[in-house]
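Engineer: build me a model:
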Amino acid sequence: MLIVHVHIQVKPDQVEAFKAASVENARNSRREPGVARFDVLQQQDDPTRFVLVEIYRTAEAPAEHKQTAHYQTWAETVADMMAVPRFSVKFDAVDAEA
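Structural biologist: A predicted model of the protein is given here:
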(Lines give C-alpha, C1' and ligand atoms only; values in the text may rest on other atoms or scores of the structure.)
Protein backbone atom coordinates (compact mmCIF):
# COMPACT_ATOMS: atom_id res chain seq x y z
CA MET A 1 0.00 0.00 0.00
CA LEU A 2 1.42 3.35 -1.07
CA ILE A 3 -0.18 6.58 0.10
CA VAL A 4 0.52 9.84 -1.70
CA HIS A 5 -0.56 13.31 -0.59
CA VAL A 6 -0.37 15.84 -3.41
CA HIS A 7 -0.35 19.44 -2.15
CA ILE A 8 -1.73 22.03 -4.56
CA GLN A 9 -2.36 25.76 -4.35
CA VAL A 10 -4.44 27.25 -7.14
CA LYS A 11 -5.00 30.81 -8.28
CA PRO A 12 -8.03 32.34 -6.50
CA ASP A 13 -10.00 32.76 -9.74
CA GLN A 14 -9.39 29.11 -10.68
CA VAL A 15 -10.77 27.39 -7.55
CA GLU A 16 -14.08 26.22 -9.02
CA ALA A 17 -12.57 25.10 -12.33
CA PHE A 18 -9.85 23.21 -10.46
CA LYS A 19 -12.42 21.50 -8.26
CA ALA A 20 -14.48 20.40 -11.26
CA ALA A 21 -11.46 18.99 -13.12
CA SER A 22 -10.11 17.28 -10.01
CA VAL A 23 -13.42 15.68 -9.04
CA GLU A 24 -13.74 14.24 -12.54
CA ASN A 25 -10.18 12.91 -12.36
CA ALA A 26 -10.85 11.38 -8.94
CA ARG A 27 -14.01 9.63 -10.15
CA ASN A 28 -12.13 8.04 -13.04
CA SER A 29 -9.11 7.23 -10.90
CA ARG A 30 -11.24 5.23 -8.44
CA ARG A 31 -12.09 2.89 -11.34
CA GLU A 32 -8.44 1.94 -11.84
CA PRO A 33 -7.60 -1.51 -10.43
CA GLY A 34 -4.45 -0.18 -8.73
CA VAL A 35 -6.24 2.65 -6.91
CA ALA A 36 -7.69 1.81 -3.49
CA ARG A 37 -8.81 5.37 -2.70
CA PHE A 38 -8.61 8.79 -4.31
CA ASP A 39 -9.93 11.86 -2.45
CA VAL A 40 -9.89 15.58 -3.25
CA LEU A 41 -9.70 17.72 -0.09
CA GLN A 42 -10.02 21.51 0.13
CA GLN A 43 -8.44 23.39 3.04
CA GLN A 44 -11.09 25.04 5.23
CA ASP A 45 -9.22 28.25 6.09
CA ASP A 46 -7.72 28.75 2.62
CA PRO A 47 -9.96 27.52 -0.22
CA THR A 48 -7.13 27.91 -2.75
CA ARG A 49 -5.26 24.99 -1.14
CA PHE A 50 -6.02 21.34 -1.87
CA VAL A 51 -4.65 17.94 -1.00
CA LEU A 52 -5.20 14.91 -3.20
CA VAL A 53 -5.09 11.76 -1.07
CA GLU A 54 -4.16 8.88 -3.34
CA ILE A 55 -3.89 5.31 -2.00
CA TYR A 56 -2.40 2.77 -4.37
CA ARG A 57 -2.45 -1.01 -4.03
CA THR A 58 1.06 -1.48 -5.48
CA ALA A 59 4.25 0.50 -5.96
CA GLU A 60 3.67 0.35 -9.73
CA ALA A 61 0.14 1.75 -9.63
CA PRO A 62 1.09 5.47 -9.53
CA ALA A 63 3.04 5.12 -12.78
CA GLU A 64 0.11 3.27 -14.35
CA HIS A 65 -2.23 6.03 -13.13
CA LYS A 66 -0.10 8.68 -14.85
CA GLN A 67 -0.48 6.84 -18.16
CA THR A 68 -4.28 7.07 -18.16
CA ALA A 69 -6.13 9.46 -20.43
CA HIS A 70 -8.07 10.98 -17.52
CA TYR A 71 -4.86 11.79 -15.59
CA GLN A 72 -3.23 13.35 -18.65
CA THR A 73 -6.36 15.41 -19.33
CA TRP A 74 -6.42 16.56 -15.69
CA ALA A 75 -2.70 17.44 -15.68
CA GLU A 76 -3.03 19.51 -18.87
CA THR A 77 -6.27 21.16 -17.73
CA VAL A 78 -5.02 22.29 -14.30
CA ALA A 79 -1.40 23.15 -15.17
CA ASP A 80 -2.09 26.87 -15.61
CA MET A 81 -4.48 26.99 -12.65
CA MET A 82 -1.76 26.44 -10.07
CA ALA A 83 -0.34 29.39 -8.13
CA VAL A 84 2.83 27.46 -7.27
CA PRO A 85 4.19 24.09 -8.43
CA ARG A 86 2.47 21.15 -6.75
CA PHE A 87 4.43 18.73 -4.61
CA SER A 88 3.78 15.30 -3.18
CA VAL A 89 4.72 13.35 -0.07
CA LYS A 90 4.68 9.55 -0.05
CA PHE A 91 3.73 7.46 2.99
CA ASP A 92 3.74 3.80 3.95
CA ALA A 93 0.76 2.63 5.98
CA VAL A 94 1.79 1.69 9.50
CA ASP A 95 -1.70 0.86 10.76
CA ALA A 96 -4.61 1.45 8.40
CA GLU A 97 -7.71 -0.23 7.06
CA ALA A 98 -8.14 0.38 3.35
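
Engineer: could you use CA atoms for every contact and neighbour count after this?
Structural biologist: Will do.

Engineer: which stretch of helix or strand covers residue 53?
Structural biologist: strand 49-56 (DSSP states H and E).

Engineer: I should have written residue 91 there, sorry.
Structural biologist: With DSSP H and E as criterion, residue 91 is part of strand 87-92.

Engineer: for that strand, packing partners?
Structural biologist: Other elements packing on strand 87-92 under the criterion 3 or more CA pairs under 8 Å, 6 or more residues apart in numbering; DSSP states H and E are strand 2-9.

Engineer: for the spatially most central residue of the chain, give me the pLDDT.
Structural biologist: Among the residues of the chain, residue 52 comes closest to the average C-alpha position under CA atoms, centre = their mean, at 3.5 Å. Here, the pLDDT recorded for residue 52 equals 98.

Engineer: then residue 94?
Structural biologist: 87.

Engineer: so it belongs to a helix, correct?
Structural biologist: No: looking at residue 94 with DSSP: H, G, I helix; E, B strand; the rest coil, it is coil, so not inside a helix.
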